[in-house]
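*Asks:* Need coordinates for the following:
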Amino acid sequence: MVVVVGYPIGDTVYLSFFATPPNLAMSHRTFAGLDNYTRILASDAFIKATWNTLIWTFFSTIIAFVLGFCAALALNREFVGRGLLRGILLVPYVISAVAAAYVWRWLYHSDFGAIGALSVALGITDSPIVFLDNVNTVLPSLIVVNIWKEFPFAMIMVLAGLQTVPDQLLRAARVDGAGHWHTFWHVTFPHLRSVSTITLLLLVVTSINYFTIPWIMTGGGPAGASDIWITAIYEMAFGRLRFGPAAAYSVILFFILMCLSYCYVRALTGNGGARRRGE
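*Replies:* Prediction:
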């Protein structure tokens, strides 16, 4: 753990206080103090990437969770073909992110994309829709792909939580004359609060760290319209070879994720402590 995790983190924090020349050797480092941090936090590129990251994370998380929640409620019922439908809905989650990114990139293609050709064939638009080359549509287009990729995870988590709802409580609610809505709100939903909180936090962390889809599909373009924190760090480090500022950028993101990790651990341990106190 010290070699694989501790050393890279420590070296990144150390590097973040230095100005480095644009070469891989990073020779002739110059101590810069907090200069890298102040320049990043004050830059327009950071503000734009932060805004994009917030939009990307918020809509990806909320919509993926809602879709997964609804899918889990539907699949929790007995019906013919339920197992097959579960398998089909899991395909987006288990498929390689690289393969998914290239497939969606082809579907969104301005000239040869299937979605654009279908919209023209159905008379919805006069010409193929420009998804990835338009600054106004590129981020929503990527969010759709991220939702498609991540909602099965929310479905699995909520479906697992539904299995913990005691049958005795559900039967008692039906005997007392409670309808479907009241049964769900007063019996089922309280048992899903813990798993819902954990799922939302994991989706947030995953979206913030999701590098593959935005980088392969757009590389942060056009004109930085789809740049998020993780792609901005990569481009700064390996595109412009500015390793000092990229390290400072990484440290900032590291502390943000540490705060989310703290909330995640509290959600896990707090719920367990509440159950022990109840017992």
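*Asks:* Where does pLDDT dip in this protein?
*Replies:* Where the chain drops to pLDDT under 70, the residues are 25, 270-279.
*Asks:* where does whichever helix in it runs longest sit relative to the chain's centre, distance-wise?
*Replies:* Using DSSP state H, we find that the single longest helix of the chain is helix 243-278. Centroid separation for helix 243-278 versus its chain: 15 Å, with CA atoms, centre = their mean, to the nearest Å.
*Asks:* neighbours around Asn23, how many?
*Replies:* Asn23: 10 surrounding residues under other CB atoms under 10 Å. Any C-beta I mention is one placed from the backbone N, CA and C, and that applies to glycine too.
*Asks:* what's the longest helix of the chain packed up against?
*Replies:* helix 7-15, helix 35-42, helix 189-209, helix 229-234 (3 or more CB pairs under 8 Å, 6 or more residues apart in numbering; DSSP states H and E).
*Asks:* can you list those in CSV and add distance to Ala71 and mean neighbour count?
*Replies:* Formatted as CSV, these follow (distance: least, CB to CB, whole Å; neighbours: other CB atoms under 10 Å):
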stretch, distance to Ala71, mean neighbour count
helix 7-15, 37, 13
helix 35-42, 40, 16
helix 189-209, 13, 18
helix 229-234, 27, 22
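*Asks:* JSON lines for these, including distance to Leu260?
*Replies:* Formatted as JSON lines, the helices and strands packed on helix 243-278 follow (distance: least, CB to CB, whole Å):
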{"stretch": "helix 7-15", "distance to Leu260": "17"}
{"stretch": "helix 35-42", "distance to Leu260": "19"}
{"stretch": "helix 189-209", "distance to Leu260": "5"}
{"stretch": "helix 229-234", "distance to Leu260": "13"}
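*Asks:* out of those helices, which comes closest to Leu84?
*Replies:* Closest to Leu84 of these is helix 189-209 (CB to CB; 24.2 Å).
*Asks:* helices or strands up against that closest one?
*Replies:* Applying 3+ CB pairs under 8 Å, 6+ apart, one finds that helix 189-209 contacts helix 44-75, helix 138-162, helix 229-234, helix 243-278.
*Asks:* I'd like those helices as a markdown table, with distance to Asp126 appended.
*Replies:* Listed next are the helices and strands packed on helix 189-209 as a markdown table, based on distance: least, CB to CB, whole Å:
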| stretch | distance to Asp126 |
| --- | --- |
| helix 44-75 | 28 |
| helix 138-162 | 20 |
| helix 229-234 | 33 |
| helix 243-278 | 43 |
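*Asks:* can you tell which of the ones you listed is closest to Leu85?
*Replies:* Minimum separation from Leu85 across those (CB to CB) falls at helix 44-75, 6.7 Å.
*Asks:* tilt between that closest one and helix 189-209?
*Replies:* Helix 44-75 runs at 140 degrees relative to helix 189-209, counting by axes from the mean of the first three to the mean of the last three CA atoms, to 10 degrees.
*Asks:* How far off centre is helix 44-75?
*Replies:* That offset, for helix 44-75, works out to 7 Å (CA atoms, centre = their mean).
*Asks:* Pull out the buried positions in the helix or strand that that helix is followed by.
*Replies:* For helix 44-75, the following helix or strand on the C-terminal side (DSSP states H and E) is helix 82-94. Neighbour-count burial for helix 82-94, counted by 16 or more other CB atoms under 10 Å, picks out Arg86, Leu89, Pro92, Tyr93.
*Asks:* which ones are touching the second one?
*Replies:* Put plainly, it is Leu89. Remark: with contacts taken as CB atoms under 8 Å, 6 or more residues apart in numbering, Leu89 is in contact with Ala71, Leu75, Pro152, Met155.
*Asks:* top of those residues by neighbour count?
*Replies:* Among the contacts of Leu89, Met155 has the most neighbours (other CB under 10 Å), with 26 neighbours.
*Asks:* In space, what's closest to that residue - neighbours in sequence excluded?
*Replies:* Leaving aside its sequence neighbours, Met155 sits nearest to Gly68 (CB to CB, 6 or more residues apart in numbering; 3.9 Å).
*Asks:* Distance check, that neighbour against Phe58.
*Replies:* 16 Å (CB to CB, to the nearest Å).
*Asks:* of the two, who's got more company?
*Replies:* Using other CB under 10 Å as the criterion, Gly68 and Phe58 rank with Gly68 on top: 25 against 13.
*Asks:* Quick check: Ala223 touching Asp133?
*Replies:* No: the criterion here is CB atoms under 8 Å, and Ala223 misses it with Asp133 at 10.4 Å.
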